[in-house]
Structures are given as C-alpha cells and as structure tokens.
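> Based on what follows, work out the 3D shape:
(one chain, ligands or ions: 1)
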Amino acid sequence: MLEIQDLSKSYGKYLAVDKVNFFIPDGQVGVLLGPNGAGKSTIIKCIAGLLRYTGRIGIQAIDAKTLEAKRLFAYVPEIPSMFEALTVREHIEYIRRAYNSNVTDEEIEAMLSRFDLDDKQDKLGNELSKGMMQKVSICCALAVKPKVILLDEPMVGLDPKAIKELKEVVKELRDQGVTVLISTHMLEMVENLWDVMFVMEKSHIIGSYNKAEAGEKDLDDLFFEMTGSWETDGDS
Ligand SMILES: Nc1ncnc2c1ncn2[C@@H]1O[C@H](COP(=O)(O)OP(=O)(O)OP(=O)(O)O)[C@@H](O)[C@H]1O
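Numbers count the residues shown, from 1 in each chain. Next up is the predicted model:
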C-alpha cells in the first residue's frame, strides 16, 4: 500500500505540491494524471526520496524515509540513467545485491528476454539507446521484487512490443498484490490498467475515482469531466 498524507513541496517560493493526500491499497494500480506542470513528477520524486518534503509518505505503512521502506519499493524514473561502465547484466546484478533480492537467474533471464534485452546483456550503459535504457531501468525495478513500484511516464520512448509487455507486467504485479503508481499524460496507455485514478491540477489533487465508481465512463470522460480541458499552468 502507498499512503500520502498532507504532502507539500515548495521550490523556493513556488508551492509545487500543496497538502496532497491519496491512498492506493495492496494489489491496485493507481494512475496520477494531470497537465504539464501540475506537480506529478514532484510527488513521484518525493515518494522516491529524491526531494525534501513536508507531510508523511507510507510504504506498506512504514515511513518512506526509512531503509526498511526503501527496500520495499522501486522507481522507474521518467529519464533513465545508467552506469556508463556497467553492462546491462551488471546493472541487474548490482540491484540484486544492493537489495539482497531473492530474484532468481531464471526470472532475470525471463525479464531480459521479455524486453528483448537477452542479446544486449553485455552492452555497456553508454552503448544503449534511450528505449533500451528505459527497458533496463524497468528490469532493474522488477529485480527488486518490490511491494510498491512507481513508474513515471513509463511508456514514453518504448516500442509497441515493450509497451505491450509492460502493460502485462503491470497486470501481473497487481495480481501478485504489488501496489503500482503510474504517472502519465497518456490516458490511452493506462485505460485498461487502472483501479484508482487521481487528477492533479495546479499543485492539488482535484478529484479521484476508483473503477467501481466510474461505471461505464472511460478514463478520458472522467479526466475531462474534472479538468474541463487539457491546459498547462504555463509554468513548465
Ligand atoms: N527543480 C525545480 N525548481 C523550480 N521549480 C520546479 C522544479 N521542478 C519543478 N518545478 C516546478 O514545479 C511545478 C511542478 O513540476 P512537475 O515536474 O512536478 O510537474 P509535472 O506534473 O510532472 O509536469 P510534466 O507533466 O510536464 O512532467 C512546475 O511549475 C515546475 O516548473
């Protein structure tokens, strides 16, 4: 489960996230939607421990700032960053050891093959295309065997096969009881994936729905009902 309570974050005088609250139970996929500059990435970075913030973030009811909580979650950033001198396989091994993960060699082989990286295992971080880096970043996050996983614009830069695989992976994680949070602009990419959606606008969550409340309405209808339009705040 992922619990956000009264989360606020300022950049200097600018309040990018203002007293945000939301909750995603075990085994559910939450999507964080909103126009450019709404504050989505700021929330994700706070959860990932990359920014200082006020409020409380709970990972499986444990304070996200603790090592115990950090062991339970994984993060796929919007822009992947690689160790230039490590191979694809070494990236995964690094994560396996750092997290003391019980991921097996067979599971690693399967995920590399799924994302068409099996023949790229010996390539160095600086020899990869952007899409390949994104796939390695996803495999590293999966190698953690997290209880909570954060994906920031995960479909951007992926080829259609990888997008299909990633959607399947998200469903499998959900079925295993993992909590998933996806931040995205691409409503169509998460249309059949979400259990609960949160819409951000100008530093606030302006509304949320769970699948049962949504009835026949699709994500587009719900989103535009809340926002009225798809405008940016002009700040980013
Ligand atoms: N490091 C920073 N310093 C100052 N202001 C920042 C910084 N990072 C983000 N902001 C501002 O905070 C606000 C929220 O930015 P954030 O990146 O969280 O938005 P977002 O919803 O993720 O947008 P996008 O969809 O474009 O990625 C924007 O107005 C942005 O200009």
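> so Ala69 sits right up against Ala61, yeah?
No - using Cβ atoms under 8 Å, Ala69 is not in contact with Ala61, being 9.1 Å away. Any C-beta I mention is one placed from the backbone N, CA and C, and that applies to glycine too.
> of the two, who's got more company?
Ala69 (19 against 9; other Cβ atoms under 10 Å).
> so what pLDDT did the more buried one get?
Per-residue pLDDT puts Ala69 at 96.
> Confirm that it sits in a helix.
Yes - under DSSP: H, G, I helix; E, B strand; the rest coil, Ala69 sits within a helix.
> need the contact list for it.
The contact partners of Ala69, by Cβ atoms under 8 Å, 6 or more residues apart in numbering, come to 58-60, 62-63.
> Burial check on Ser81, number of neighbours?
Neighbour number of Ser81 under other Cβ under 10 Å is 9.
> host element of it?
Assessed by DSSP states H and E, Ser81 sits outside every helix and strand.
> In space, not sequence, find me the middle residue of the protein.
The centroid of the chain falls nearest to Leu151 when counting by Cα atoms, centre = their mean (1.5 Å).
> Quick check: mean pLDDT of the helix or strand where that one lies?
Leu151 belongs to strand 148-152 when assigned by DSSP H and E. Strand 148-152 carries an average pLDDT of 96.
> What are the buried residues along the helix or strand following that strand?
Next in sequence after strand 148-152, counting helices and strands by DSSP H and E, comes helix 160-175. By 16 or more other Cβ atoms under 10 Å, the buried positions in helix 160-175 come out as 162-163, 165-167, 169-170, 173-174.
> what packs against helix 160-175?
Here helix 160-175 touches helix 130-143, strand 179-183, going by 3 or more Cβ pairs under 8 Å, 6 or more residues apart in numbering; DSSP states H and E.
> Just want the angle from it to strand 148-152.
Helix 160-175 and strand 148-152 are oriented at 150 degrees to each other (axes from the mean of the first three to the mean of the last three Cα atoms, to 10 degrees).
> can you give me how far helix 160-175 is from the chain middle?
Centroid separation for helix 160-175 versus its chain: 13 Å, with Cα atoms, centre = their mean, to the nearest Å.
> Report the contact partners of Ser208.
Applying Cβ under 8 Å, 6+ apart, the residues near Ser208 are 22, 196-199.
> In helices, which of the residues you listed appear?
Among these, none falls in helices (DSSP state H).
> Okay then, goodbye and thanks.
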